[in-house]
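pasting the sequence and the predicted coordinates here, then a few questions.
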Amino acid sequence: MLARALPFHSSDKKKTFKLIKEADPDFTVEGFGNISDECKDLISLMLTKDPKKRIIINEALKHKWFKKYQGFITQIKKRYHPVIDEQTGLLIKPLSIRRASNIFDSKSNVLSGGGGS
């Protein structure tokens, strides 16, 4: 989803599944060039083969990638996350999805390591 490519890929389905089970993610494939090192590190930690060594959600949320973009993430939540008005109980509608695309310009792309806060 991030790179429009898989970190494990083969033209053969069986080989792809074998790579998923046995190989480390390959971030050299086309599409991962624009993904930040922090993001690749988090993905690698989440794809660790040994479940005992794999990062858990609480650790993932404290990862340097999330910390680096915390201000940006907070901004997105405020703008686009639906909220219930405590006084009226009504849903406060977030900004439209069309308008959401305006925030993802080249200067604020959190995946590529640009801007964000």
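On my side now, so go ahead.

nearest residue to K64 other than its sequence neighbours?
E38 (5.3 Å; Cβ to Cβ, 6 or more residues apart in numbering). Where you see a C-beta, it was placed from the backbone N, CA and C, and this is true even at glycine.

residues near that neighbour, how many?
Neighbours of E38 under the rule other Cβ atoms under 10 Å: 18.

that one and W65, how far apart?
Computed as Cβ to Cβ, to the nearest Å, the E38 to W65 distance reads 4 Å.

and if you look at A23?
22 Å.

tell me which of the two has more neighbours.
Remark: of A23 and W65, W65 carries more neighbours, 20 against 15, as counted by other Cβ under 10 Å.

show the end-to-end separation of stretch 61-72, please.
14 Å (Cα to Cα, to the nearest Å).

next secondary structure after the one helix or strand I76 maps to?
Per DSSP states H and E, I76 falls inside helix 70-80. Helices and strands here follow DSSP H and E; after helix 70-80, the next one along the chain is strand 83-84.
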